[in-house]
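Undergrad: 3D model of this:
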Amino acid sequence: MPGTGPSTVELISGALAPPVPVGRGAEIARLHETFDRVRRGHAARVLLTGESGVGTSTLADAFCAHLAAEPDGGPVVVRVTAPEPVAGSSDVAQAYATTVRLAHALDVVAGPARATSARSAAGLHDTVVRARQGPTGPRPVVVVLHDLHHADPASAGVLTDLLARLRTGGLLLLATATDPARLPTGTRAWWPWLFAGTDPTPGTVAGEARTVVVGGLDAPAVAALVASRRPAAPLPGPGVAEQLVAVTGGHPVHLALLVRGLSDEALAGVAPPAPWRSLATEVGLAAAELRPVPRRLLGALSTLGDPSPVPLIEQVAGLDADEVSDADVEDLVGSGLVTAERDGVGWVLAVVHRLVRSAVLRAIPPDHRGTMHCAAAVAVGGRAGLAHAVAGAAGRPYPALADALEESAAAETSDHDEAATRLLWAAEVSPNGAEREARLLAAAVRLVRAGALTRLRAMEPWLRGAHPRAERDLALGVLLSEASDPEAHLRLQAAAEDPGADPRVAALAAVYLGTDHALHGRGARAAEAVARAVDLTEEPRRREQMRVVAAVGRAQQWGPDAGLELLSDHLPSAYGPDPAVIAGRLHLAAGRTVEGYRLLHEGLDRVRTGALTTTGRLVHLYLAEAAFRTGRLDEAEAEARVGASTSREVGSAWIGPASRAMWAGVLAVRGEGVEAEAHLRRAHADLEHSPHSLGLAMVRISEALVAHERGDHEHAHRLLRAIADGPVPPLLASPTAPWRVLRAEVALDAGHPMVATEEIDDWPVFGAPLWFTLSRHRLLGRLAERSGDAGAAWDAYRTALDLADAEPIGADACPAEIAALHASAGILARARGWPSAAADLATARRAYAALGAQPWVARIDAEIDAGVPDDAPAPDGLVGAPAVPDTLPAASASAPPVWTAEHPALTPREREVVRLVAQGLTSREVAAALYVTPKAISYHLGNVFAKLGVTSRRQLWGRTF
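TA: Below is the predicted model:
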């Protein structure tokens, strides 16, 4: 076997994959610039896109080769290629095929205790984070995803959530995909928006997302390509490189073949070239020049698609081993159509690009192509073998194959997506229309069970024309329900009540019927739908789904606790994540945010393992709300971002907008009002296509929060009044629902104390969660302040803070409410001249700073800077108010030090004064410590302010002198 000469080495390494891609210096430089920022702790996502074959994968591979050659070993690099379908449009990639490859590749570098689930974006995210942890500390990670346009629909859904979640510092996510405009009509391009523009995320590590369009090579790059491919040939003559660019569009695959066949005279421009030919023609001519045996090997290799060892190619080509010589393989590699890599003692061959493969296959007569597919089916076996068998049938009836495919689908008891694929194949080769329709309907049911709604929606036009049957009504009803169509329940009810239906189909229809009723607030009908169908099946998962639907229905009728009665005992032995997720949601609806947060995480942990779930999208929305209520704003934003990504998918009519609205609320609290408004506009636009009562209510609540944060209290009041005037959507009607506290707060700020009083009067006094009780006392204190009763207000605030001190664990779960109590108490004390003001305002500021609530930090700073008013009333006998301070210490303990040594402009006395002030002492306390009068301290402070260029005590707090 040849392989030592320079020309062979060049061919084996791949004529289209040089170590430094010709003409790609600018793109490589941009990638290195991006990675330099990633190395410094940033996060980035880059998409390389363009015409198929333009070299995006070559560019990404070359960049990774550069990283691997770094002296320190470079970053952790994980590379995955989405598998190309075996046999054209009739083949559907195996469900989760791409994410299975990603999970395996990540496990190799991260070494988790248990294999990562390919079905869980959260699980993949955790493994990426784990991959960063090296033996000597965090290390940068580069994840490369090749050919996103080939990702199967199931993997596309997981990758969408994963890319929305990945904002990990030190991570570069590099992807390649063909420009969607150049893909076949109807191809679902799910990825472009994930790489659109730049989006540094507030409160997290700086990140960016960008799309780099890779174009064809220009004339200088073509000249360099000629020199690299044919070093002994003359350089392109005047205008020759430009002609090559004009003919090929700078396409590297086409150029490589054209350059190979040009004479030296034509390259030099001293002789006219032969007529320029298309890529397909060049491939055909190159193949025609091969001797018969290499040509048959090329056809067999193109049929197989994947890189394959020579013995397998011989088997598909119908050749014996003694018929294939080393010279045949050498000729095949020398044609420029194939590359070769040594694998032990043998060789693995691969077509240089799928465009070349397609051109080769098109040139093979259909009958011969079908024969090779049938030979590949026998040689390869398994799932790929079935795909080759279907391709070999070429749409012609093949009863034996159809029966075998149907039988293999029946054996798939858990992978419903794959079972649906085999049933669709069986329908394609069925001998008559009746069998074809039966198999298509069975495939639709399997897609329903798999939750593969994108694939199911592709069948919708055919389903509408099929004969009325329970399977058809189930599939159409699910599609209508996912789009929030009010007629969905009629289809689902017809399927559930069809007397001739398979009991399993009827039971599945009953679950979706109950779910549709629950989503639209028809709790009684939801519980009734599953109660009537409970005897139709003994399948544990279906029975569990019925229990969950019944719990939601009861909660909508009689409150969250009624639903929890059905779930609490079942949680320890639950089959999947749904019971924990729904139980968490019910606790959240009842105001028990801590318990809700715990159960939602329990459900998400089960989702991470790849367990089948119908609440996989809902858990992110609910967890975002629970994290927000418990002060975990970073987590709330991350989960809301993932939930918002589902608005890009069919079947998430209200979850995406509601998640986006929750995201807007987090941003508003952090002071990112402009971005919050943009998210709200998007949420409203998404809901216009499919209104949903709960989704609309959640968007309005977030809109009210955003308006409240920007100071438009009247608008916020009108929004919440519209919800309160009802009907209030189920699961928002609880007396302790969090939006009720916001309504009372907004009513007070908008100047409607009677509305706030009426709202608070309806709240339970006993048995409420701690955060709700604290909110009640705080709002009662604010009402007392408004009426002029400062003593009652003080008592309300102190009572609430004493309750929080008595329950430290519960208080830790409501930091925002604790901060608001200290702020209210501190503001009251400052206005009245009570000494507790300093401590309360300092505590409030630290709490708001920890939460990242910058607008509230600024408000507390303004209170601190204002000091005690000159006309502050004397203490009125309240405990803890023996003296009136003349000013307040600053509360900031987190600002970085500015001065780290003795300031030369300060006198010794001024240094003594400023050291004590920086520790938070008032002027009276500093005067007492230095045995001088407060007036002297004020004089020294005036000099200090002038010399240091500061204007307030807050700017001195925490500094070192």
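
Undergrad: can we go C-alpha only for contacts and neighbour counts from here?
TA: Noted.

Undergrad: the closest residue to G249 other than its chain neighbours: how many residues sit nearby?
TA: Setting aside the residues directly before and after it, G249 is nearest to G216 in space (C-alpha to C-alpha, 6 or more residues apart in numbering), at 5.8 Å. G216: 20 surrounding residues under other C-alpha atoms under 10 Å.

Undergrad: just read off the phi/psi values of G216.
TA: For G216, the backbone dihedrals (degrees, to the nearest 10) come out as phi -70, psi 170.

Undergrad: with D415 instead?
TA: Per-residue torsions, D415: phi -90, psi 80 (degrees, to the nearest 10).

Undergrad: E817 against T773, yeah?
TA: No. Here E817 lies out of contact with T773, judged by C-alpha atoms under 8 Å, at a distance of 10.0 Å.

Undergrad: show me which of the two is the more surrounded one.
TA: E817 (24 against 20).

Undergrad: state the next helix or strand along the chain beyond the host helix or strand of that one.
TA: E817 is located in helix 815-832, with elements delineated by DSSP states H and E. Following helix 815-832 in sequence order, the next helix or strand is helix 836-851 (DSSP H and E).

Undergrad: angle of that following helix against helix 815-832?
TA: Counting by axes from the mean of the first three to the mean of the last three C-alpha atoms, to 10 degrees, helix 836-851 points 150 degrees away from the direction of helix 815-832.

Undergrad: and helix 836-851, what does it pack onto?
TA: Applying 3 or more C-alpha pairs under 8 Å, 6 or more residues apart in numbering; DSSP states H and E, one finds that helix 836-851 makes contact with helix 815-832, helix 854-866.

Undergrad: tell me which residues of whichever helix or strand comes after the last one are tucked away?
TA: It refers to helix 854-866. With elements assigned by DSSP H and E, the helix or strand that comes after helix 854-866 is helix 908-918. Of all the residues in helix 908-918, those buried under the rule 16 or more other C-alpha atoms under 10 Å are E910, R911, V913, V914, R915, L916, V917, A918.

Undergrad: what residues are up against the residue nearest to G249?
TA: Residues in contact with G216, defined by C-alpha atoms under 8 Å, 6 or more residues apart in numbering, are V54, G249, G250, H251, P252.

Undergrad: in helices only, show me the residues you listed.
TA: Among the contacts of G216, the ones falling in helices (DSSP state H) are P252.

Undergrad: for the host helix or strand of A583, packing partners?
TA: Using DSSP H and E, A583 falls within helix 578-589. When contacts are defined as 3+ C-alpha pairs under 8 Å, 6+ apart, helix 578-589 sits against helix 540-558, helix 560-567, helix 593-608, helix 618-629.

Undergrad: ranking these by burial, who's on top?
TA: Most buried of the helices and strands packed on helix 578-589 by mean neighbour count (mean count of other C-alpha atoms under 10 Å) is helix 618-629; its value is a mean of 26.

Undergrad: how far off centre is that one?
TA: Relative to its parent chain, helix 618-629 has a centroid offset of 15 Å by C-alpha atoms, centre = their mean, to the nearest Å.

Undergrad: swap in stretch 344-355?
TA: With C-alpha atoms, centre = their mean as the basis, stretch 344-355 stands 35 Å off its chain's centre.

Undergrad: hang on, the earlier thing: tell me which of the contacts of G216 is nearest to P808?
TA: P808 lies nearest to V54 out of the contacts of G216, by C-alpha to C-alpha, at 61.4 Å.

Undergrad: rewinding a little: would you turn the buried residues of helix 908-918 into CSV with pLDDT and distance to W794?
TA: Below are the buried residues of helix 908-918 laid out as CSV (pLDDT from 0 to 100; distance: C-alpha to C-alpha, whole Å):
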residue, pLDDT, distance to W794
E910, 79, 37
R911, 78, 38
V913, 81, 33
V914, 80, 33
R915, 77, 33
L916, 78, 30
V917, 77, 28
A918, 73, 29
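
Undergrad: now those residues as JSON lines including distance to R660?
TA: Listed next are these as JSON lines, based on distance: C-alpha to C-alpha, whole Å:
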{"residue": "E910", "distance to R660": "53"}
{"residue": "R911", "distance to R660": "52"}
{"residue": "V913", "distance to R660": "51"}
{"residue": "V914", "distance to R660": "48"}
{"residue": "R915", "distance to R660": "47"}
{"residue": "L916", "distance to R660": "47"}
{"residue": "V917", "distance to R660": "45"}
{"residue": "A918", "distance to R660": "43"}
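
Undergrad: looking at those residues, spot the one nearest R455.
TA: Of all the buried residues of helix 908-918, R455 sits closest to A918, with 65.0 Å by C-alpha to C-alpha.

Undergrad: where exactly do the helices run in the stretch 251-400 of the chain?
TA: 252-261, 264-268, 279-288, 292-304, 310-317, 326-334, 354-363, 366-380, 382-393, 399-411 (DSSP state H, counting those that start in this stretch).

Undergrad: for the fourth one, packing partners?
TA: Which is helix 292-304. Other elements packing on helix 292-304 under the criterion 3+ C-alpha pairs under 8 Å, 6+ apart are helix 279-288, helix 310-317, helix 326-334, strand 346-351, helix 354-363, helix 366-380.

Undergrad: check the offset of the fifth one from the chain's centre.
TA: Put plainly, it is helix 354-363. 36 Å.

Undergrad: could you point out which residue ranges in the stretch 201-350 of the chain have low pLDDT?
TA: Applying pLDDT under 70 to the stretch 201-350 of the chain picks out residues 201-207.

Undergrad: from the buried residues of helix 908-918, which is closest to R845?
TA: Nearest to R845, judged by C-alpha to C-alpha, of those is A918 at 16.2 Å.

Undergrad: from what I see, that closest one and L956 are in contact.
TA: Yes. Between A918 and L956 there is a contact under C-alpha under 8 Å: 5.1 Å.

Undergrad: residues touching the closest residue to G584 other than its chain neighbours, list them.
TA: Of all residues beyond its chain neighbours, the one nearest G584 is G596 (3.9 Å), with distances taken as C-alpha to C-alpha, 6+ apart. With contact set as C-alpha under 8 Å, 6+ apart, G596 has these partners: A583, G584, R585, L586, H587, L588, A626.

Undergrad: got it, and A784?
TA: Contacts for A784 (C-alpha under 8 Å, 6+ apart) come out as A790, A792, A793.

Undergrad: relative to E51, how far out is the nearest residue to V54 once chain neighbours are set aside?
TA: Distances taken as C-alpha to C-alpha, 6+ apart place H251 nearest to V54, at 5.4 Å, with adjacent residues excluded. Plainly put, H251 is 8 Å away from E51 if you go by C-alpha to C-alpha, to the nearest Å.

Undergrad: ditto for L731
TA: From L731 to E51 the distance is 50 Å (C-alpha to C-alpha).

Undergrad: which one of the two is surrounded by more residues?
TA: For L731 and E51, the more surrounded residue by other C-alpha under 10 Å is L731, and the numbers stand at 22 against 19.

Undergrad: check the residue nearest to that one when sequence neighbours are not counted and give its pLDDT.
TA: Spatially, and ignoring its direct neighbours in sequence, L731 is nearest to A589 (5.5 Å; C-alpha to C-alpha, 6+ apart). Here, the pLDDT recorded for A589 equals 88.

Undergrad: my guess is A589 contacts P729. True?
TA: No. Using C-alpha under 8 Å, A589 makes no contact with P729, being 11.3 Å away.

Undergrad: neighbour-wise, which of those two wins?
TA: Set A589 next to P729 and count neighbours by other C-alpha under 10 Å: A589 wins out with 26 against 19.

Undergrad: quick one, phi/psi of the residue nearest to V54?
TA: phi -70, psi 120.
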